[in-house]
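>>> Attaching a predicted model along with its sequence, questions to come.
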Amino acid sequence: MKTHISDLISNEILLAFWKVHILHHAQKQSVYGLWMMEELRRHGYRISPGTLYPLLRRMERYGWLKAQGRTDAPPRQRRSYRLTKQGAAVLTAVRQQVAELYREVVEEVADQPSRPVEDRGS
């Protein structure tokens, strides 16, 4: 089975971006799945419920998010998530790494004259 480049990007790179985005918003306010999917789509990310909800649960298991509300009791309540102290520490560390990566990947590229593709890395 051949994997498309967009699938590889989503699976290998964007997943980390989604986590950072979730942590960022959970620091500001409680977030819930449907809202988070809409927020990510607003930024051009396409994420399915089958990807997002396990991701939220995994982040909760890591201790980065704290869930509120129950999904197993009638009537079905929306489960919301808030950032924990551990999640805030993760977000602080990630923000530092993102800033460094941005400086190197985006700002340095903008400051350098364009070269033909075959000359890059030589």
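Yep, it's here.

>>> Assign residue 45 to helix, strand or coil.
coil (DSSP: H, G, I helix; E, B strand; the rest coil).

>>> which ones are touching the residue most central in space within the chain?
Centroid-nearest residue in the chain, with C-alpha atoms, centre = their mean: residue 18, separated by 1.5 Å. Listed by C-beta atoms under 8 Å, 6 or more residues apart in numbering, the contact set of residue 18 reads 40, 45, 47, 52, 55. Just so you know, the C-beta spots here come from the backbone N, C-alpha and C atoms, and that holds for glycine as well.

>>> List the buried residues for whichever strand or helix holds it?
Secondary structure from DSSP states H and E places residue 18 in helix 15-28. Neighbour counts over helix 15-28 (16 or more other C-beta atoms under 10 Å) mark 18, 19, 21, 22, 23, 25, 26 as buried.

>>> Next one: the last one, what pLDDT does it get?
To tie it back to what came earlier, the one meant is residue 26. Confidence at residue 26, expressed as pLDDT, is 97.

>>> got it, and residue 114?
63.

>>> what do you get for residue 120?
47.

>>> Could I get the average pLDDT for the top helix by length along the chain?
When the chain is parsed with DSSP state H, its longest helix is helix 85-102. Mean per-residue pLDDT for helix 85-102: 95.

>>> following it, which helix or strand comes up?
Sequence-wise, the next helix or strand downstream of helix 85-102 (DSSP H and E) is helix 108-111.

>>> Go ahead and name everything in contact with that next one.
For helix 108-111, using C-beta under 8 Å, 6+ apart, there are no contacting residues.

>>> for that helix, what is the average pLDDT?
On average, helix 108-111 scores 72.

>>> and what of stretch 35-50?
Averaging pLDDT along stretch 35-50 gives 92.

>>> start to end distance for it?
Terminal residues of stretch 35-50 lie 15 Å apart, using C-alpha to C-alpha, to the nearest Å.
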